[in-house]
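# the following comprises the amino acid sequence and a computationally predicted model.
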Amino acid sequence: MKWTRVLIIILCMSFATGIVSAQGAIEDLTVTFIRNANIRQTPDETATLLGVGARGQNFRVDGRNDNGRWLRGISQNGIVGWVINGTVNIPPSTINGIRIITTDAPFNLTPPDGASAPAQSNIPAPTSGLEVSVYSDVNMRGGPSTDYPRVGGVFGGKPLLVDGRSADSTWVRGANQTGEVGWVAVRFVNISASQLNGLPIIDANTPFALAVQTNAPTNAPVAPPVVAVGNTAPVRGFSYGGHVAGFNDTTFNWMRYAGMTWIKKQFRYFDGQNPNDVANTINQAHAAGFRIMIGLVGDKNDLTRDGYYGRYASFAAGVAGLGADAIEVWNEPNIDREWTTGDINPANYTQLLRQSFNAIKSVNSNTLVISAAPAPTGAENAFPGAVMNDDRYIRGMADAGAVNYMDCIGVHYNEGIMPPTATTGDPRVPSNYFTRYLPSMISVYSGTFRGARPLCFTELGYLTPEGYGGLPTNFSWASNVTLAQQADWVDGAVAYSRNSGRVRIVIIWNMNFRGGGDDPMGGYAIIRPDGSCPACDALAN
């Protein structure tokens, strides 16, 4: 009895009010949202969205589902529903102590006390909106910055109903087809300058007042599970393809004409997501006659959460089970855009790779597991704690035994301004740095792992401003690259990689992205704004 009282006191001190039933199971526990969270009618990602719990607000819990991933409770504004456990400040040990309930169990709690409602904006809610689409799978944020938490996402090619823009016009706010409301970076949005400028300027606290037509009415029947279009043939020999923003016949036709057999799509995983969200991407690629590589990257802010590596690995295994031909485990983990600042560590990444490899292979032995390609960089001295040079990073991976947990070594090459066979002559300082030249990239990456695994270029491209105007300062090194050079060098890089005998796959960065600005993805695209594809012509010939 004494220890029971101590446990109850600890719970109350840590998580506000907690009441334990006579059977020892917690049935009244007040927690706090650590990020904006969707509140759903039942414990399922596809269930009806009832509302959103705001970061910092309290949530009063009366039970959990059988596996503990979902908690039922009531928000401060009186919404009763289910949230994913990772959206509130509660450790796994406490979750296990909450009583298990069914969806029809009576709910008897009142809304919790706590922090006041989010500050309201002085800007009135816009009453009209604009329907646009996004180029690729993209996160939605709680405000106009990546500093805000993820509150949802939009799949490439899907609509977004926007009601406003940020003051600097780099973000728009809108609602997706499931009713999630959040901010999306403009560079991912298919929107013209005149349309963007026509949107009112709003802030993160401006109310969203537009009516959103979701995919299905509340009483619609649950869709049947997605049936995977599997591709069971093992990957052999050399092959190449392209990274696409969205699927369309024009892009597919150019890719077939150029001899490509791979499509790459990057997918942003959020903790607790269902692998079926990737099924349509896999099936569309297979139906079009291509193999599909999924670049699977999560939220760096989740990396330190208990059990996250295992949940990520489980999701990757689910994607493999749906027929993915290759999975790249994360993206550029040597920079703090994708990995936790101050914790960039190749040994830690290797642990994520190990768990993912074992999980993937247990489900689909033919899915290629590709290690995350580091960002090619030598800037660690200028950005301590935020960057690790890629050569040093892959040496750390090799020392940690990463070669045992991959089929292919991921590589990015995207800063070339010289022909692909060149080994000297780059005008930048230092001219001899290995990331400047394709041959030295192949030599360093292959040599670090003693040739034990082939290389997979999951991103290989040449930037040209032709057709887009100028380039931002950080990319001015490519200002003199012409469209003709881009075409010739892409073709030459594929040929050089094939002939090296050390490369299995080349994914061209990229096929059909658009946009300039601070991240000129459109300048890398080989399908140009006028619809031509000189690089496709070169590859075909």
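Thanks, I have the structure now. Residues are numbered from 1 along each chain as shown.
# how about the nearest residue to Gly269, chain neighbours excluded?
Not quite, residue 269 is Tyr, not Gly. Using CB to CB, 6 or more residues apart in numbering and skipping the chain neighbours, the partner closest in space to Tyr269 is Gly298 (4.5 Å). Bear in mind the C-beta positions are built from the backbone N, C-alpha and C, glycine included.
# what about that neighbour, distance to Phe267?
Gly298 sits 10 Å away from Phe267, taking CB to CB, to the nearest Å as the criterion.
# ok, now Asp519?
Counting by CB to CB, the gap from Asp519 to Phe267 is 19 Å.
# and these two? which has more neighbours close in?
Looking at Asp519 and Phe267 with other CB atoms under 10 Å, you find the greater number of neighbours at Phe267, namely 24 against 16.
# what packs against the helix or strand that contains the more buried one?
Using DSSP states H and E, the element containing Phe267 is strand 262-268. Packed against strand 262-268, as judged by 3 or more CB pairs under 8 Å, 6 or more residues apart in numbering; DSSP states H and E, are the following elements: strand 239-243, helix 279-287, strand 291-297, strand 503-508.
# closest one to Pro439 among those?
strand 503-508 (11.5 Å; CB to CB).
# list the pairing partners of the closest one within its sheet, with orientation.
Strands flanking strand 503-508 in the sheet, each with its direction: strand 239-243 (parallel), strand 455-460 (parallel) (DSSP bridges).
# ok and the longest one relative to strand 291-297, angle-wise?
In this case it means strand 455-460. An angle of 80 degrees separates the directions of strand 455-460 and strand 291-297 when computed by axes from the mean of the first three to the mean of the last three CA atoms, to 10 degrees.
# all helices for the stretch 101-250 of the chain, in order.
If you assign secondary structure with DSSP state H, counting those that start in this stretch, the helices in the stretch 101-250 of the chain sit at 193-197, 249-257.
# lowest average confidence across these, which one?
Across those, the stretch with the lowest average pLDDT is helix 193-197; it has a mean of 82.
# return it as PDB; C-alpha atoms alone will do.
What follows is helix 193-197 as a C-alpha-only set of coordinates in PDB (Å, rounded to 0.1, in the frame of the first residue of the first chain):
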ATOM      1  CA  ALA A 193       2.900  34.800 -58.500                       C
ATOM      2  CA  SER A 194      -0.400  36.600 -59.100                       C
ATOM      3  CA  GLN A 195      -2.400  34.000 -57.200                       C
ATOM      4  CA  LEU A 196       0.100  34.200 -54.300                       C
ATOM      5  CA  ASN A 197       0.000  38.000 -54.100                       C
END
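# Thr127 against Ala209, yeah?
Yes: the criterion here is CB atoms under 8 Å, and Thr127 meets it with Ala209 at 6.1 Å.
# the more surrounded of the two?
Taking other CB under 10 Å, Thr127 and Ala209 do not tie; Ala209 has more neighbours (12 against 9).
# next, give phi and psi for that one.
Dihedral angles phi and psi of Ala209 (degrees, to the nearest 10) take the values phi -120, psi 0.
# distance check, the nearest residue to Gln266 once chain neighbours are set aside against Val319.
Taking CB to CB, 6+ apart, and ignoring the residues beside it in sequence, Gln266 has Gly295 as its nearest neighbour in space, at 3.9 Å. Separation of Gly295 from Val319 (CB to CB) stands at 11 Å.
# ok, Val444 next?
Per CB to CB, Val444 is found 30 Å from Val319.
# now swap in Tyr312 and tell me
Tyr312 sits at a distance of 11 Å from Val319 (criterion: CB to CB).
# mind listing what Ala288 touches?
247, 252, 263 (CB atoms under 8 Å, 6 or more residues apart in numbering).
# look at Gly63 and give its secondary structure.
Per DSSP: H, G, I helix; E, B strand; the rest coil, the local secondary structure of Gly63 is strand.
# now do the same for the closest residue to it other than its chain neighbours: its pLDDT.
Nearest-residue entry for Gly63: Ile101, 3.3 Å, with adjacent residues in sequence omitted and distances by CB to CB, 6+ apart. Ile101 carries a pLDDT score of 95 in this model.
# any chance you could read off phi and psi for Ile101?
Backbone dihedrals for Ile101, given as degrees, to the nearest 10, come out at phi -130, psi 170.
# okay, now it: neighbour count?
Look at Ile101: counted by other CB under 10 Å, it has 19 neighbours.
# likewise Asn190?
Other residues near Asn190 number 16, with proximity taken as other CB under 10 Å.
# tell me how far it lies from Arg150.
21 Å.
# over to Thr424?
44 Å.
# who has more neighbours, those two?
Residue environment comparison for Thr424 versus Arg150 gives the larger neighbour count to Arg150, 20 against 10, counting by other CB under 10 Å.
# thinking that one is in contact with Met140, fair?
Yes: using CB under 8 Å, Arg150 and Met140 qualify as a contacting pair, with a distance of 6.9 Å.
# can you count the residues close to the residue lying closest to Leu160 once chain neighbours are set aside?
Taking CB to CB, 6+ apart, and ignoring the residues beside it in sequence, Leu160 has Gly174 as its nearest neighbour in space, at 4.2 Å. Using other CB under 10 Å, Gly174 is surrounded by 27 other residues.
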